[in-house]
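> next come a sequence and a model predicted from it.
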Amino acid sequence: GEEVAQTPKHLVRGEGQKAKLYCAPIKGHSYVFWYQQVLKNEFKFLISFQNENVFDETGMPKERFSAKCLPNSPCSLEIQATKLEDSAVYFCASSLLWDTEAFFGQGTRLTVV
Amino acid sequence: GQNIDQPTEMTATEGAIVQINCTYQTSGFNGLFWYQQHAGEAPTFLSYNVLDGLEEKGRFSSFLSRSKGYSYLLLKELQMKDSASYLCAAPGGYQKVTFGTGTKLQVIP
């Protein structure tokens, strides 16, 4: 597609429940990035993929967060046993190369109650 | 490591000029991006600088000084719709793109 598509737009989970977010990157883009945006616009890098391979996962809290980008499927970000502090907007972005212009999806607003 | 600093908030008057500064420290340098993010929306690309100097694009210009680790975004003839957050981002060493926390610009009549 011509834009990054993220689903769902909103997600509400009880503390301890699982949350799964999806991202379809722009066709032809090799790189996918996940960011977590909390209050005051702080943009926290989580993980990046080069095609289906993890490129950089230094931002991921690995105990509860996992992500995949499988061929012919949307990329996904999964949070096991959500916590209140996971409440944020999760943005996915894709780009041709890792250091070129990134195109962002509209984000998924996760609320953990 | 990588670090980006920009002011948290700025206020400017409609029709005026505003300059949003960004300083960065990266272990490598692959250019500097500016993105605009309206409240509740996704960031959108504004500019990219990889060489020193000023890049002009309509009402928006972006400047880079690699030796000083410094960039600024210049917005001219401010309009109310320019009220948004402006994010500075730098691809750096270890092939990671680091974002600043963003500068929230409020344009007032």
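Ah, there it is.
> which helices and strands does the worst-scoring helix or strand of chain B on mean pLDDT pack with?
The weakest-scoring helix or strand in chain B, judged by mean pLDDT, DSSP states H and E, is strand B:96-99 (a mean of 82). Contacts defined by 3 or more Cβ pairs under 8 Å, 6 or more residues apart in numbering or on different chains; DSSP states H and E place strand B:96-99 against strand A:43-50, strand B:3-5, strand B:84-92. Any C-beta I mention is one placed from the backbone N, CA and C, and that applies to glycine too.
> by how many degrees do the last one and strand A:43-50 diverge?
Strand B:84-92 runs at 50 degrees relative to strand A:43-50, counting by axes from the mean of the first three to the mean of the last three Cα atoms, to 10 degrees.
> can you point out the buried residues in the helix or strand in which residue B:24 is found?
In the assignment (DSSP states H and E), residue B:24 maps to strand B:18-25. Neighbour counts over strand B:18-25 (16 or more other Cβ atoms under 10 Å in any protein chain shown) mark B:18, B:20, B:22-24 as buried.
> pick the one among those residues closest to residue A:59.
The shortest approach to residue A:59 among the buried residues of strand B:18-25 belongs to residue B:24, at 17.8 Å (Cβ to Cβ).
> wait, what's in contact with that closest one?
When contacts are counted by Cβ atoms under 8 Å, 6 or more residues apart in numbering or on different chains, residue B:24 touches B:2-5, B:32, B:69-71, B:88, B:90, B:92, B:98, B:100.
> which among those end up buried?
For these, buried by 16+ other Cβ under 10 Å: B:2, B:4, B:32, B:69, B:71, B:88, B:90, B:92, B:98, B:100.
> the first one and residue B:43: what is the separation?
Distance of residue B:2 to residue B:43, given as Cβ to Cβ, to the nearest Å: 18 Å.
> enumerate the residues of chain A near chain B.
Applying Cβ under 8 Å from any Cβ of the partner chain, we find that chain A lies next to chain B at A:33, A:35, A:40-43, A:45, A:48, A:55-56, A:58, A:91, A:98-99, A:101-107.
> out of these, which are buried?
A:33, A:35, A:41, A:43, A:45, A:48, A:55-56, A:91, A:98-99, A:101-107.
> now, which of the residues of chain A next to chain B lie within strands?
With strands defined by DSSP state E, the entries of these inside them are A:33, A:35, A:43, A:45, A:48, A:55-56, A:91, A:103-104.
> distance-wise, check residue B:61 relative to residue B:98.
According to Cβ to Cβ, residue B:61 and residue B:98 sit 23 Å apart.
> any weak-confidence spans in chain A?
Counting by pLDDT under 70, chain A contains low-confidence ranges at A:1, A:40-41.
> switch the cut-off to 80
Residue ranges of chain A with pLDDT under 80: A:1, A:39-42.
> how about the nearest residue to the spatially most central residue of it, chain neighbours excluded?
Centroid-nearest residue in chain A: residue A:34, 3.6 Å away (criterion: Cα atoms, centre = their mean). Nearest residue to residue A:34 in three dimensions, chain neighbours excluded: residue A:46, at 4.3 Å (Cβ to Cβ, 6 or more residues apart in numbering or on different chains).
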